[in-house]
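Student: sequence and predicted structure, then a few things I'm wondering about:
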Amino acid sequence: MIDKSETDRDLREDLAASFRLLDRYGMSDLTNGSVVARDPREPDTFLTHPHGKFFHEMCASDFVRADMDGKPVEPGTPVNSAVTRPASAIFAARPDVNAVIHAHGHGVMGVAALECGLLPLCEAAFPFYNDIGYIEGDFYFDDQYIAAIPKALAHHKALIYRHHAFAAVGANVAEAFFWAFQLNVACEIQMSVLATNQKVLIPEPEVAQRHHDAFFAEGWVADGSIEWPGLRRSLDAEDANYRC
């Protein structure tokens, strides 16, 4: 559900923070990529950034509003349809999703080119075991492709675009960032393991599933809510101008 207690300022600061953190953890790509979030007060709109700014520059005041058709609410406001149209399709299909991160982490970009996809090789990979979507990457964003994105995402936490990048989703920005971080770590470790050219130990399906289920067992919280305040504090200690 949308947290309607979250103010516009809270949401904007979380969005700006997520861009800064994506840059910190190696998931920025010049001006490419995005973080969008449904507005808790106006759930038929979402906030997006104006294309052309680098991740490390993003500030709370930068974000603009789009409607669920991916068009700017304020006429003349520049939005990137390659960001807003896929996001609007995901929001329409997934009422539980209120934030979408699309980024080009090198680890995920590597795994996106592997026929095997993501393997259950480490702790960061286990939450995605049998719980990640795949779609062919496409840069034309026609209506047919836009419609295919939420179908490929389905009920999953993340979607890998073959030969491209990834999308991670969550009930809020904190959760979307948590899954983006975990996915990129899992993929970086996988690429490092495969690069050794040694025999790889892949857990049996029942073992991998047990590890997956442990992340979502009663009493265990795996949604970024524990980590997010500390991540925000670390940004404040470095440079709090993302809040501007």
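Tutor: Yes, it's here.

Student: rest of the way, CA atoms for contacts and neighbours
Tutor: OK.

Student: can you give me the strands in the protein?
Tutor: Ranges of strands within the chain are 34-38, 45-48, 64-67, 99-103, 133-136, 158-162, 166-170, based on DSSP state E.

Student: which residues touch the third one?
Tutor: Put plainly, it is strand 64-67. With Cα atoms under 8 Å, 6 or more residues apart in numbering as the contact definition, strand 64-67 has outside contacts at 44-50, 72-74, 77, 79, 84, 88.

Student: ok, now with 6 Å
Tutor: Residues outside strand 64-67 that contact it (Cα atoms under 6 Å, 6 or more residues apart in numbering) are Thr45, Phe46, Leu47, Thr48, Pro72, Val73.

Student: can you list the weak-confidence ranges in the chain?
Tutor: 1-5 (pLDDT under 70).

Student: Thr31: what's it in contact with?
Tutor: If you count contacts by Cα under 6 Å, 6+ apart, Thr31 has them with Gly52, Lys53, Phe54.

Student: leaving out chain neighbours, which residue sits closest to it?
Tutor: Spatially, and ignoring its direct neighbours in sequence, Thr31 is nearest to Phe54 (4.9 Å; Cα to Cα, 6 or more residues apart in numbering).

Student: sorry, back to before: selection in ChimeraX covering whichever of the contacts of Thr31 are buried, please.
Tutor: For the buried members of the contacts of Thr31, the matching ChimeraX selection, counting by 16 or more other Cα atoms under 10 Å, is:
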select :54
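
Student: include distance to Tyr140 when you put the contacts of Thr31 into a markdown table, please.
Tutor: As requested, these are exported to a markdown table (distance: Cα to Cα, whole Å):
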| residue | distance to Tyr140 |
| --- | --- |
| Gly52 | 19 |
| Lys53 | 22 |
| Phe54 | 23 |
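
Student: which one of the contacts of Thr31 is nearest Phe63?
Tutor: The nearest member of these to Phe63, counting by Cα to Cα, is Lys53 at 11.0 Å.

Student: find the nearest non-adjacent residue to that closest one, please.
Tutor: Nearest residue to Lys53, sequence neighbours excluded (Cα to Cα, 6+ apart): Thr31, at 5.7 Å.

Student: and if you look at His211?
Tutor: In space, and not counting its chain neighbours, His211 is closest to Phe126: 6.0 Å by Cα to Cα, 6+ apart.

Student: what is the burial count for Ala217?
Tutor: Applying other Cα atoms under 10 Å, we find 10 residues neighbouring Ala217.

Student: let me fix that, I meant to ask about Glu204.
Tutor: Using other Cα under 10 Å, Glu204 has 9 neighbouring residues.
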